[in-house]
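Colleague: following is a predicted model, sequence given first.
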Amino acid sequence: MQIFIRNRTGFLITRSILGLAEAGFIPGAMFTLSMWYTQKDITVRIAIFFFGMFGGTAVGPLIGAGLLKLDGKGGLWGWQWIFLGEAFLKIAHWWPFELTFSVVEGVWTVLVSIALLALLPGGPADGIPQDAEGTTHLDLSTGESSQPKIPMKVVWKTVTNFRKWPHFLATACVFATWSPLTTYTPSIMVSLGFSRISANALAAIGNFITLPVVLLFAWAGGKLRKWGFTVMTAQACYLIALIALRCIQPHVGTWSKFGLWTTANGLAVGYHPVHNAWIQVNSGSPEERSINMA
């Protein structure tokens, strides 16, 4: 619906609605995964889950580069084509209007959500699965199939547990840099002298690097069972990349600047799946784990 934005007020309203709609997805998905996999398995599974998010961030600029070429087609700006997800809008005399959808971006998301509603089991109680060796996958911490109700006293106790605050602060600090970085990387590339279409394509490279980085740290965390050490190592790598970007960028050429930005982008969230698993295994109950995820 963002293609219909005409002013700042419309932008703020649609973005607020989007934020409200998507806010519960990741903590809900993490809690669902924790009901199906053991501590040994959960870290890599979380990394695979985030492949969707990080992979989408990688593919998005490439799709955007293509969709920007439609600028002016069908009476729409290039950015409107991106939000529309290659849905073609033709308005003849204001009414009737014809909508023909191609399954990309926004439309694809809607289709996947319908498939999840139809196919995803509510929990292990709806049929506990077994892997190839016949091992039953149960709740992460309790070894039981449980879908608890969460009273407010548990919410308060979890949120006020100061030992968990470093987890929350670390996530806020990293995403406060990574989110705007990925959002504005195409604009950053334009400022370095690349065209809009080239900038979108180049922005995808750092996001693609994220995928093996995430999997590497997730594998290491699960293998070593040293979640804290792995998290801090991954965050240290990102911090070094940011310091190098800050110090070196003013003194190098265009392609070196591109390399610095791409490196920072690629290392930004390598810590995240391991960190997610770390706080899960340190939760004392399914109820606490659910609030920690949120």
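Modeller: Yep, it's here.

Colleague: state the distance from the spatially most central residue of the chain to residue 198.
Modeller: The chain has residue 53 as the residue nearest its centroid, 3.5 Å off, counting by Cα atoms, centre = their mean. Going from residue 53 to residue 198 by Cβ to Cβ, to the nearest Å gives 25 Å. Any C-beta I mention is one placed from the backbone N, CA and C, and that applies to glycine too.

Colleague: now do residue 275
Modeller: Residue 275 is 34 Å from residue 198, by Cβ to Cβ.

Colleague: point out where this protein drops to low pLDDT.
Modeller: In the predicted model, the chain carries pLDDT under 70 at residues 1-3, 60-106, 122-148.

Colleague: now do the helices in it.
Modeller: 8-22, 25-34, 39-67, 78-84, 106-119, 152-159, 165-191, 196-224, 227-248, 254-267, 272-281, 286-293 (DSSP state H).

Colleague: just the ones you listed: most buried one?
Modeller: helix 272-281 (a mean of 25; mean count of other Cβ atoms under 10 Å).

Colleague: quick one: that helix to chain centroid distance?
Modeller: Put simply, helix 272-281 sits 15 Å off its chain's centre (Cα atoms, centre = their mean, to the nearest Å).

Colleague: what of stretch 33-42?
Modeller: Relative to the chain's own centre, stretch 33-42 is displaced by 20 Å; criterion: Cα atoms, centre = their mean.

Colleague: numbering from 888 from now on, please.
Modeller: All right, first residue 888 from here; so that's stretch 920-929.

Colleague: now the end-to-end length of that stretch.
Modeller: From its first residue to its last, stretch 920-929 covers 7 Å (Cα to Cα, to the nearest Å).

Colleague: before we move on, what about stretch 1147-1160?
Modeller: With Cα to Cα as the measure, stretch 1147-1160 spans 24 Å from end to end.

Colleague: same question, stretch 1161-1179
Modeller: End-to-end distance (Cα to Cα), stretch 1161-1179: 14 Å.

Colleague: show me how far it is from its chain's centre.
Modeller: Relative to its chain's centre, stretch 1161-1179 lies at 19 Å (Cα atoms, centre = their mean).

Colleague: who's in contact with it?
Modeller: 914, 917-918, 921-922, 926, 929-930, 933-934, 1026-1029, 1033, 1035, 1037, 1041-1042, 1044-1046, 1051, 1054, 1057-1058, 1104-1105, 1107-1109, 1114-1115, 1117-1118, 1121, 1180 (Cβ atoms under 8 Å, 6 or more residues apart in numbering).

Colleague: do stretch 1095-1111 as well
Modeller: With Cβ under 8 Å, 6+ apart as the criterion, stretch 1095-1111 contacts 927-931, 933-935, 937-938, 941-942, 944-945, 1114, 1117-1118, 1120-1121, 1149-1150, 1152-1161, 1164-1165.

Colleague: what of stretch 909-916?
Modeller: 936, 940, 1177, 1180, 1181.

Colleague: hmm, the fourth one is touching residue 920, no?
Modeller: No: counting by Cβ atoms under 8 Å, residue 1180 stays clear of residue 920, with 9.7 Å between them.
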